[in-house]
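Asker: Structure, please.
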Amino acid sequence: MSRFTTVGTLLWLATASCAATNGSLPAGLQIGETVESREVLPFAVVRSDPSRHLEQTLLVEATVNAVCQNKGCWMQVADGDQTAMVRWEAGCGGKYTFPKDAMGERVLIQGSFYPKTISPEDAEHLQEEFGRGLRVPEQTYEFNASAVVMLDRKGS
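Answerer: Here you go, the predicted structure:
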């Protein structure tokens with residue numbers, strides 16, 4: 001095989017790989033870090049067997065149930081009656097925020113999933129930031145998000 005053919009083959013493979021990665025993700029407004037192409041899991045699947053999904057990076061589809069109305073630093077997602085909190089890896093006041101008007105929208109969340117205990121004081125704080133009646137279970141799960149794709153919005 002000639003040197004030109006080898007280089008051409010490598011360039012074709014690199015291009016095909018990028019196209020597959022970019023083409024396999026649903027369209028939408030991306031916020032945060034680069035979303036890695038991986039299997040998209042419905043939130044109901046993750047919640048049906050949480051221990052199977054802990055301590056790994058996931059790409060999960062859910063519906064936004066609530067968003068912090070102060071800084072957009074957290075959101076609650078749902079699938080049926082199952083909920084989980086979503087926060088940015090960098091925490092509140094970082095460089096990314098969730099859109100405050102995202103309630104009811106479908107999202108993809110890239111991040112890790114873990115159990116979370118929410119104290120009564122923290123639950124009250126979350127309810128105040130949302131501004132309406134928000135159900136915050138004491139024992140819940142949380143996504144530590146590195147990226148979010150707002151599926152119902154056009155990308156920019």
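
Asker: Helix or strand with the lowest mean pLDDT in the protein?
Answerer: helix 3-23 (a mean of 36; mean pLDDT, DSSP states H and E).

Asker: Identify the neighbouring strands of the helix or strand just after that one in the sheet and state each direction.
Answerer: Next helix or strand after helix 3-23 toward the C-terminus (DSSP states H and E): strand 29-32. Under the criterion DSSP bridges, strand 29-32 sits next to strand 139-150 (antiparallel) in its sheet.

Asker: which parts of the partner strand are buried?
Answerer: 140-150 (16 or more other CB atoms under 10 Å). Where C-beta positions appear, they are placed from N, C-alpha and C, glycine not excepted.

Asker: what's the closest of these to residue 60?
Answerer: Among the buried residues of strand 139-150, residue 143 lies closest to residue 60 (CB to CB), at 7.0 Å.

Asker: The closest one reaches residue 107, doesn't it?
Answerer: No - checked against CB atoms under 8 Å, the pair residue 143 and residue 107 is beyond contact range at 10.2 Å.

Asker: the strands in this protein, which residues?
Answerer: Using DSSP state E, the strands found in the chain span residues 29-32, 40-42, 58-67, 74-79, 82-88, 106-117, 139-150.

Asker: residues in contact with residue 61?
Answerer: 40-43, 106-109, 151 (CB atoms under 8 Å, 6 or more residues apart in numbering).

Asker: Quick check, central residue of the protein?
Answerer: Central residue of the chain (CA atoms, centre = their mean): residue 109, 1.3 Å from the mean position.

Asker: Show me what that residue is bridged to.
Answerer: Beta-bridge partners of residue 109, as defined by DSSP bridges: residue 60, residue 148.

Asker: Enumerate every residue touching it.
Answerer: Contacts of residue 109 were listed using CB under 8 Å, 6+ apart, and they are 58-62, 77, 86, 143, 145, 147-148.
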